[in-house]
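Engineer: sequence first, predicted model second:
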Amino acid sequence: MKSIKTLLLNIVFIGAALSMVNCDNKTAPVIDGELKKWHRITLNFEGPETDELSEVNPFLDYRLDVTFTNGNQTYVIPGFFAADGRAAESSATKGNIWQVRFTPNAVGQWSYKSSFKKGNEVAVADDIADAESAGFMDGQTGTFTIAASDKSGRDNRAKGRLQYIGQSYLQFEESKNYFIKLGVDAPENLLGYADFDAATNALDFLKEWQPHAQDFTTDAEPFVWKGNKGKNLLGAINYLAAEELNVFSFLTFNVDGDDRNIFPYLLKKPIAEYETYASNKKNLEAWENFFHKTRLDVSKLDQWERIFEYAETLGMFLHFKTNETETDHLMDKGVFGTEGKLYYRELIARFGHHLSMNWNLGEENDQPTEEVLKVANYIKKLDAYRNHLIMHTFPNKDDRYNDFIGDQSPLTGASLQLSDPEFKDVNPRVLKWREKSNASGRKWALSVDEPGKANIALLPDDEDPEHNLARGNALWGTLLAGGFGVEWYFGYASPNSDLTCEDFRSRDLFWDQNKHALHFFENHIPFWVMEPANELIAADSGYCFAKKGETYTIYLSMEKETTTLDLGTSGDEFSIAWYDPRNGGDLQEGSVQHIKAEGSVAVGYPPSDKNKDWVILVKKKY
């Protein structure tokens, strides 16, 4: 008997197909998905019958692109070989289905025109004007009609695409709200999961995510595969969302890296043989010896998409870390070419439609500038959605960002790594690159994605239940420097580490403190028009963030008790309220409720716990 999910999918297929209008004599593609604004729709074309390992490479020697048009808007979206079109369930390696995933940003009628070409390495060719037609859907046209979304709340489809708009904060296109990102940067091997097809267990790092079985809920049922696979990782994502965290990151390629179990490619040799080789850290030639470098694992990638699709419904930002320092030189032997181009084309085609995400060119990237620019410019050209594009580098090599700020590159921000065990370097480092990028004429959206010393970073609750330094120096230090978010690294030597974590509850107490910061920013201040202003408060008393003359936010460090604030000399009256960053809750009254702009003035004392840290909100009275 077919599952309810399968029956529902069939209904969607049929309904969507009936709503299509085909403008030529070719068979119209079947649409998977709801024809609604911001919803993923997938056009399923019938193309040549082929196989992942066919002599004519379906990934490299065919090229599907579909141009979508609505009014004066045009999107050229790359497609991909999808085997039988349901590979997540079937694990099919062959078939005749070619897919294009698209998220329309407007209601009304859209038209499409498909281009399907063939030829040696045509998929990564710079110019296909003279490429040979592959027949089938080449030149096919049609129209379909998009209705308004029915989503609400945290679902990304209610908010629209998150865009870089040339400012320090990303903005949702539909809601026009600005985004504060708080979540996890660990484990980097999140996708090294036993339920994915062709999973490997090199170095004994394969994950089950068993502690999060309890967090799987019925709303995730449509996203499992093969009956019950995926439940534990779906549960882990649901746990993060329930804690009001809104981002997680993951490597998509770590061959010869720290973990070695995450790759979208087909192995040339048996899994057991690969595991034996890759489990010896001295062996660093797996990419050269064990992989089909231009052959993708269609079913595994389709299963990855189930996880990302569910995350979309929970309002998650997807941080794609496309390489790490151990892998960024492997493809094409470090000179951007066919292997690298196909890798990014496949990632963009299969996952670039997601509404809230970034492409990170490499964790601890140390490539030559010219190679980074080749990759960045290739992604910019291919990614029609213009997703946030960043790079992460070593904490002591951040000056290389000088080669990329302004109009020197298409990068729209940086993913900052720090190294101080007490997180004291966070605020000054964010300020440094905010000031430098602003001065270049093109503001970067900056996030701190690996704060702390590499071996310890964010400790588990049972080792640091209060998390005072992480909260004060890293969390509030980032946000009051004008960084748009923080992702927390777990350290390589801590329990539930950057490589071994399978239980996000290991830092459960700290997630509440992130939630309190998020609530403050979203509910109390116009953060997108505020600027860092540490110079306005007493030296070494904390951090200040301000829209001068109107709104000021001060983070008062532990054991400082009070500070002063320079409000200028306008004589305007301001109110003072206090917020508890440890416990959240409502704004509270301190010893002083009102002050005037008469130079540097005392702000009084907190409502309680004078030796603890506090956030002070100072607002002009009208």
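Structural biologist: In hand now; what should we look at?
Engineer: and the closest residue to Glu309 other than its chain neighbours, what is it in contact with?
Structural biologist: Among residues not flanking Glu309 along the chain, Phe223 sits closest, at 6.1 Å (C-beta to C-beta, 6 or more residues apart in numbering). Every residue, glycine included, has its C-beta placed from N, CA and C. Residues near Phe223 by C-beta atoms under 8 Å, 6 or more residues apart in numbering: Gly230, Leu234, Arg306, Ile307, Glu309, Tyr310.
Engineer: any chance of those residues in a markdown table, plus distance to Leu431 and secondary structure?
Structural biologist: As requested, the contacts of Phe223 are exported to a markdown table (distance: C-beta to C-beta, whole Å; DSSP: H, G, I helix; E, B strand; the rest coil):
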| residue | distance to Leu431 | secondary structure |
| --- | --- | --- |
| Gly230 | 42 | coil |
| Leu234 | 39 | helix |
| Arg306 | 40 | helix |
| Ile307 | 36 | helix |
| Glu309 | 37 | helix |
| Tyr310 | 37 | helix |
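Engineer: just among those, which is most surrounded?
Structural biologist: Leu234 (27 neighbours; other C-beta atoms under 10 Å).
Engineer: excluding its backbone neighbours, what's nearest it?
Structural biologist: Excluding its sequence neighbours, the residue lying closest to Leu234 (C-beta to C-beta, 6+ apart) is Ala220, at 4.3 Å.
Engineer: same question for Glu363.
Structural biologist: Here the residue nearest Glu363, using C-beta to C-beta, 6+ apart, is Glu324, at 4.2 Å.
Engineer: rewinding a little: Trp209 versus the residue nearest to Leu234, what's the distance?
Structural biologist: Applying C-beta to C-beta, to the nearest Å, the value for Ala220 to Trp209 is 13 Å.
Engineer: tell me, what's touching these two both at once?
Structural biologist: Gly235.
Engineer: of these two, which one has the most company?
Structural biologist: The neighbour comparison of Ala220 against Trp209 (other C-beta under 10 Å) goes to Trp209, with 25 against 21.
Engineer: save the contacts of Phe223 as TSV, and put in pLDDT and distance to Asn189 too.
Structural biologist: Formatted as TSV, the contacts of Phe223 follow (pLDDT from 0 to 100; distance: C-beta to C-beta, whole Å):
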residue	pLDDT	distance to Asn189
Gly230	98	17
Leu234	98	17
Arg306	98	18
Ile307	98	14
Glu309	98	21
Tyr310	98	19
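Engineer: what's the neighbour count on Lys226?
Structural biologist: 14.
Engineer: residues in contact with it?
Structural biologist: Taking C-beta under 8 Å, 6+ apart, one finds Ala88, Glu89 in contact with Lys226.
Engineer: need the nearest residue in space to Tyr543, chain neighbours excluded.
Structural biologist: Leu480 is the one closest to Tyr543 (C-beta to C-beta, 6+ apart), at 3.9 Å.
Engineer: next up, the contacts around that neighbour.
Structural biologist: Neighbouring residues of Leu480 by C-beta under 8 Å, 6+ apart: Asn427, Pro532, Tyr543, Cys544, Phe545, Thr553, Tyr555.
Engineer: let me see the mean pLDDT of stretch 588-608.
Structural biologist: Stretch 588-608 shows a mean pLDDT of 97.
Engineer: correction: stretch 554-573
Structural biologist: Mean pLDDT, computed over stretch 554-573, is 97.
Engineer: what about the stretch 1-150 of the chain, any weak spots by pLDDT?
Structural biologist: 1-25 (pLDDT under 70).
Engineer: so how far does stretch 585-603 reach from one end to the other?
Structural biologist: In stretch 585-603, first residue to last residue: 21 Å (C-alpha to C-alpha, to the nearest Å).
Engineer: which element is Gly235 on?
Structural biologist: Using DSSP states H and E, Gly235 maps to helix 231-242.
Engineer: can you name every helix or strand that the helix or strand that that helix is followed by contacts?
Structural biologist: Following helix 231-242 in sequence order, the next helix or strand is strand 247-251 (DSSP H and E). Counting contacts by 3 or more C-beta pairs under 8 Å, 6 or more residues apart in numbering; DSSP states H and E, strand 247-251 packs against strand 181-184, strand 317-321, strand 485-488.
Engineer: which strands and helices lie in contact with the first one?
Structural biologist: Translated: strand 181-184. Against strand 181-184 (3+ C-beta pairs under 8 Å, 6+ apart) you get strand 247-251, strand 485-488, helix 508-524.
Engineer: what of the second one?
Structural biologist: The contact analysis (3+ C-beta pairs under 8 Å, 6+ apart) places strand 317-321 against strand 247-251, helix 338-351, strand 357-360.
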